[in-house]
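>>> Got a sequence here, can you model it:
(chains A, B, C and D)
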Number of protein chains: 2
Amino acid sequence: MELELISEQRRASSAARRLAEFADRCRKGGLAVTPQRLAIIRALLASADHPRADLIYARVRKQHPHISLATVHRTLETLCEAGEARKVTMLHDSARYDGNVEPHHHIVCVRCRRIRDIEVPELGQLLEGRSELGGFTMLGASLELQALCEQCRRKGLKKRAAEGAAD
Amino acid sequence: MELELISEQRRASSAARRLAEFADRCRKGGLAVTPQRLAIIRALLASADHPRADLIYARVRKQHPHISLATVHRTLETLCEAGEARKVTMLHDSARYDGNVEPHHHIVCVRCRRIRDIEVPELGQLLEGRSELGGFTMLGASLELQALCEQCRRKGLKKRAAEGAAD
DNA sequence: CTACCACATGATAATGATTACTATCTAATC
DNA sequence: GATTAGATAGTAATCATTATCATGTGGTAG
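Numbering: from 1, shown residues only, chains lettered A, B, ... in the order given. Alright, predicted model coming up:
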């Protein structure tokens, strides 16, 4: 199975492009273009280290000493919803435990957080022939599938229907 | 790519086996076998829903009304360290954001939590021919590789050397 | 260019999961 | 049964995140 690090050059050039188009996309999407949002997306796109909210806060504060930490949290979430950023740590707000210690993976409902175990035999092979990747010594692999469970899909349809003929 | 839910029967039978051997493995590993630990592993192995600590607490309290929530948290962590359980939500204690919204995956250092983007072209195909799995409507896939980064590996070696000739 | 208003922000309080602390207890060993 | 290292109960502390709400401002229609 193919597997490689994404180069810093590639990340940086794609980040530059996204930053240039950011204001336009916001206005098209009905998001106000504020100095805070610009500063936060700029800081995020300049970061290759997948920062936490408090790190973005520290970086942005150099230019905007008045910005609030709450705004950073809020804005990062807003950016994710708008598709301008993503969370590395998806779908989990507290620890979930599993009594099954056999190698396996998970499918998670994005709405109700229901989790089921799945098996993906090919992923075991991913690590077998490869113990190193770009300086990292490989230890394990976890695949998480984002999905909508049956109950939530039904509820979603009902809800949309109830909301009326808007679309 | 092969992909399927793990059946309840299979989970339950493997859970029964692990429970039967639990006390022995604890004693071999130098872990005291306490009524609380037995109750918690029993509750976890009986659960197919990947419960949170507070849910285990609620379940265990029916038999052990005196148990403390702190004990449940501590014991679940202990069980994970001992390889008797695992956390579905690995390696992240707070949200990490990524400015790269192109489809990609991550490799995470288990010690320092350094994160790098990786590309796994085959995983894109995982979802293409398949929109449903056991009632779940598929939306996306995230692979997280657990690894040790170069710096942490070096520090680890140094540390072990410093700790002396024990092994 | 100005005024308006829905939305955004700052400051801070509240929340909620997890961890720390410490006195007490107990499983394991002899 | 006595000893003791490790475990637990109860509670306080921590820390990331979210809620609240008064104030400020980007977008836009006039």
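
>>> can I assume residue A:53 is in contact with residue A:73?
Yes: Residue A:53 lies in contact with residue A:73 (CB atoms under 8 Å); the separation is 5.0 Å. All C-beta atoms are positioned from the backbone trio N, CA, C, and that covers glycine.

>>> Which one's more surrounded, these two?
residue A:53 (20 against 15; other CB atoms under 10 Å in any protein chain shown).

>>> In chain A, what helix or strand scores lowest on average pLDDT?
Sorting the helices and strands of chain A by mean pLDDT, DSSP states H and E puts helix A:150-162 at the bottom, at a mean of 76.

>>> ok, residue A:11 touching residue B:119?
No: with contact defined as CB under 8 Å, residue A:11 does not count as touching residue B:119 (11.2 Å).

>>> So for the two, which residue has more residues nearby?
Neighbour count, other CB under 10 Å: between residue A:11 and residue B:119, residue A:11 has more, with 20 against 17.

>>> That one: what's it in contact with?
By CB atoms under 8 Å, 6 or more residues apart in numbering or on different chains, the contact set of residue A:11 is A:48, B:100, B:117.

>>> Looking at those, spot the one nearest residue B:65.
Nearest to residue B:65 among the contacts of residue A:11: residue B:117, at 48.5 Å, using CB to CB.

>>> how many other residues sit next to that closest one?
20.

>>> who in chain A is up against DNA strand C?
Counting by CB under 7 Å from any atom of the strand, chain A comes close to DNA strand C at A:31-32, A:34, A:36-37, A:64, A:66-71, A:74-75, A:78, A:93-95.

>>> Neighbours of residue A:149, how many?
22.

>>> Likewise for residue A:67?
Residues lying near residue A:67 (other CB under 10 Å) number 18.

>>> wait, isn't it in contact with residue A:60?
Yes: Residue A:67 is within contact range of residue A:60, at 5.6 Å (criterion: CB under 8 Å).

>>> Spit out the residues that contact these two alike.
Common neighbours of residue A:67 and residue A:60, counting by CB under 8 Å, 6+ apart, are A:36, A:39.

>>> what bits of chain A have low per-residue confidence?
A:91, A:158-167 (pLDDT under 70).

>>> any idea which helix is longest in it?
Ranked by residue count and defined by DSSP state H, the top helix of chain A is helix A:8-29.

>>> Spatially nearest residue to residue A:130 (excluding sequence neighbours)?
Of all residues not flanking residue A:130 in the chain, residue A:138 sits nearest, at 6.3 Å (CB to CB, 6 or more residues apart in numbering or on different chains).

>>> Pull the contacting residues for the one you found.
Contact analysis of residue A:138 by CB under 8 Å, 6+ apart lists A:127, A:130, A:131, A:132, B:145, B:146, B:147.

>>> hmm, try it at 6 Å
Residues counted as contacts of residue A:138 (CB atoms under 6 Å, 6 or more residues apart in numbering or on different chains) are A:127, A:131, B:147.

>>> Now the last one: phi and psi?
Summarising the backbone geometry of residue B:147 under the convention degrees, to the nearest 10, its torsions are phi -160, psi 180.

>>> tally of neighbours for it?
For residue B:147, the number of neighbouring residues by other CB under 10 Å comes to 26.

>>> State the distance from it to DNA strand C.
From residue B:147 across to DNA strand C, the span is 21 Å (CB to the nearest atom of the strand, to the nearest Å).

>>> Hmm, residue A:140 and that residue touching each other?
No: Residue B:147 is beyond contact range of residue A:140, at 8.2 Å (criterion: CB atoms under 6 Å).

>>> Could you check how far stretch A:125-145 is from the centre of its chain?
20 Å (CA atoms, centre = their mean, to the nearest Å).

>>> With stretch A:67-80 instead?
Centre-to-centre, stretch A:67-80 and its host chain are 14 Å apart (CA atoms, centre = their mean).

>>> so which helix or strand takes in residue A:116?
Element membership of residue A:116, judged by DSSP states H and E, is strand A:115-119.

>>> Restrict that strand to CA atoms and write it as CSV.
C-alpha atoms of strand A:115-119 as CSV (Å, rounded to 0.1, in the frame of the first residue of the first chain):
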residue,chain,number,x,y,z
ILE,A,115,-19.5,3.3,17.4
ARG,A,116,-19.2,-0.1,15.9
ASP,A,117,-16.1,-2.3,15.4
ILE,A,118,-15.0,-3.1,11.9
GLU,A,119,-12.4,-5.3,10.3
